[in-house]
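next comes the sequence, and after it the predicted model I'd like to discuss.
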Protein chains: 2
Amino acid sequence: MQIAIVLYDRFTALDAVGPYETLGRLPDADTVFVAERTGPVRSDTGRLALTADRSLAEVPHPDIVVVPGGPGQSDQMDNPVLLDWLRTADATSLWTTSVCTGSLLLAAAGLLDGRRATSHWLALGQLERFGARPTGERVVFDGRYVTSAGVSSGIDMGLALLGRIAGDEHAQAVQLLTEYDPEPPYDAGSPEKAPAHLVEEFRNKSRFILT
Amino acid sequence: MQIAIVLYDRFTALDAVGPYETLGRLPDADTVFVAERTGPVRSDTGRLALTADRSLAEVPHPDIVVVPGGPGQSDQMDNPVLLDWLRTADATSLWTTSVCTGSLLLAAAGLLDGRRATSHWLALGQLERFGARPTGERVVFDGRYVTSAGVSSGIDMGLALLGRIAGDEHAQAVQLLTEYDPEPPYDAGSPEKAPAHLVEEFRNKSRFILT
C-alpha cells in the first residue's frame, strides 16, 4: 500500500506528520514524501524542513494520497503541476485525503464537487466556494475521500482511516503505541469552545489571509 | 527565546513535531533543529527525514531543550557527544524537556536524579532504573524539567509549557489555530484503556526492545 504525502513550500508540519505517524503504521505501508522537486521542503515557520524523497512525477499512482494544509496552500491553488498530479493520482487512488486547508487543494483540482468535506475552521467558507459541502465534523468520509479539520486533526483522520483499512485492533495498537490519550491543558481547540474574542480576532485576520 | 529540538537517527517524528508546532509558536521563538551533524536525519520508519539546520556544537546554550524519543534512543544512551551537550545545555537552559523515551536520555545524562518524570508507558521501569521517579501523569513538571509520556503527548506538553511561559491566552490561541480538539476514534491510548491483550503483547515484546 503506497501512501504519498505531499509537501510544498510553507506547508504546516503537523498536518503531514499526524497522518504519517498513524496511517503510515499500516502493515506493509510504503510511505513516501513527495513534492514538485525532491529535497528539503520548508514548513510554514521556516524553521523546519522535511525531505521529499521523490518528485510528484516519480509517484503517479499512490494507493493513498495525503494533502496537508498550511499558509503555503494559497500559492498552490493555481499550480498546474500539483493540481494535475492530484487529478491523475486520484484517478487510481483507493483513498484521497487531506488535512486542514489541504482540502482546498483537492477542491481546486475539482475533486470535491458536491462532496461533504471539511477544512480548517477558518477556511470552511472558502471550501464551499470551491464547490464542496462543508460540515462541522472533525473527520469527514465521503466515499473514498477523507478530509479533516485543522492541523492536529490529521492524527484522528489517520487513525480512523487506519481502522477502516487494517481493522480496529490494528488502529488501537497504533493509538496505544503512540500513547494518543490526549489531555489538552485548555478546552479551546475549536471556535465553539475557545474564548470568543480570540475567535473573532482570527476571523478578522483571516479575511485578509484566506480570501 | 531559543528552542533547540534534538534529532538523532531513528527518532520518532511526532515526538519532535508536536512540541515544535505548539511550543514553537512562542512569540519571538527562535526554534532550531539540532543534531550531532547538520543535514537530514531519518526518523524511525526510515520514510521521513527532518533537517538538522545546526550541529549540537553550534547551539550550546538554548533557552529551551526538547529531546524526542524513538527506537534510536537506545543507541544514544552512551553517546558522549549528545550526553555532554545535554549537560552543558541544561546548565544554562530555562527549561529542559522531553517527549517519550527522550526522558531516558535526560536521565542517562544525570539530569533527572530523584526527579518526578515520565516517559512512554513501556519505558517507565527503565526510567526508574536511571534514577528518576516515574509518575503516571501525561505531562510532568518538576522545577524547570518537563517530561511527557509517549509520542503524541508532546502536543499536550508543548501547550502546557507555552501557557506557563507566554500565558494561558496565547496557548489557547495556538490550540485554536491548530484546532486541537481531539476526537480519537478509539479509547485505547493508554495501557489502562486499551484492550488488555494488546497491552500484554507489547509488554512482552518490550522486554527485548527496552531492556
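Perfect, thanks for sending it. On a predicted model such as this, the values are computed, not experimentally measured, just so you know.

how about the spatially most central residue of chain A, what does it touch?
Taking CA atoms, centre = their mean, the centroid of chain A lies closest to residue A:99, which sits 2.0 Å from it. If you count contacts by CB atoms under 8 Å, 6 or more residues apart in numbering or on different chains, residue A:99 has them with A:15-16, A:18-19, A:66-69, A:147-148, A:151, A:153-154, A:157. C-beta coordinates here come from the backbone N, C-alpha and C atoms, glycine included.

same deal with residue A:147?
Per CB under 8 Å, 6+ apart, neighbours of residue A:147: A:97-99, A:102-103, A:106, A:112, A:117-119, A:139-140, A:157.

which SS class is it?
strand (DSSP: H, G, I helix; E, B strand; the rest coil).

quick one: residue A:137 and residue A:119 touch, right?
No - counting by CB atoms under 8 Å, residue A:137 does not reach residue A:119; the two are 11.3 Å apart.

more neighbours, the two?
Between residue A:137 and residue A:119, counted using other CB atoms under 10 Å in any protein chain shown, residue A:119 has the larger neighbour count: 34 against 15.

give me the phi and psi for the more buried one.
phi -170, psi -180 (degrees, to the nearest 10).

show me the strands in chain A, by range?
Assigned by DSSP state E, chain A shows strands spanning A:2-6, A:30-35, A:39-42, A:49-52, A:54-55, A:64-67, A:95-99, A:116-117, A:133-134, A:139-142, A:145-148.

in its sheet, what does the first one sit against?
This means strand A:2-6. strand A:30-35 (parallel), strand A:64-67 (parallel) (DSSP bridges).

and that strand with strand A:95-99, angle?
30 degrees (axes from the mean of the first three to the mean of the last three CA atoms, to 10 degrees).

gap between the residue nearest to the centre of chain A and residue A:9?
17 Å (CB to CB, to the nearest Å).

not counting sequence-adjacent ones, nearest residue to residue A:61?
residue A:92 (4.8 Å; CB to CB, 6 or more residues apart in numbering or on different chains).

thought residue A:106 was touching residue A:145?
Yes - with contact defined as CB under 8 Å, residue A:106 reaches residue A:145; the gap is 7.4 Å.

what about chain A, any weak spots by pLDDT?
Residue ranges of chain A with pLDDT under 70: A:208-211.

all helices of it, in order?
Per DSSP state H, chain A carries helices over the ranges A:13-22, A:73-76, A:80-92, A:102-108, A:124-129, A:153-166, A:168-177, A:196-209.

what's the most buried one of the ones you listed?
helix A:13-22 (a mean of 30; mean count of other CB atoms under 10 Å in any protein chain shown).

does anything pack onto it? Which helices or strands?
strand A:2-6, strand A:30-35, strand A:49-52, strand A:64-67, strand A:95-99, helix A:153-166, helix A:168-177, helix B:13-22 (3 or more CB pairs under 8 Å, 6 or more residues apart in numbering or on different chains; DSSP states H and E).

and the last one, how far out from the chain's middle?
The chain centre lies 8 Å from the centre of helix B:13-22; the measure is CA atoms, centre = their mean, to the nearest Å.

which neighbours do residue A:106 and residue A:145 share?
A:96, A:112, A:117.

the residue nearest to residue A:61 and chain B: what is the separation?
Note on residue A:92: its distance to chain B, by CB to the nearest CB, to the nearest Å, is 21 Å.

now residue A:125
For residue A:125, the distance to chain B - CB to the nearest CB - is 16 Å.

OK, contacts around that residue?
Per CB under 8 Å, 6+ apart, neighbours of residue A:125: residue A:134.

would you mind measuring from it to residue B:129?
Counting by CB to CB - residue A:125 and residue B:129 are separated by 55 Å.

do the same with residue A:115
53 Å.

and for residue A:80?
Counting by CB to CB - residue A:80 and residue B:129 are separated by 58 Å.

quick one on the thing from earlier: could you find the closest non-adjacent residue to the residue nearest to the centre of chain A?
residue A:154 (3.7 Å).
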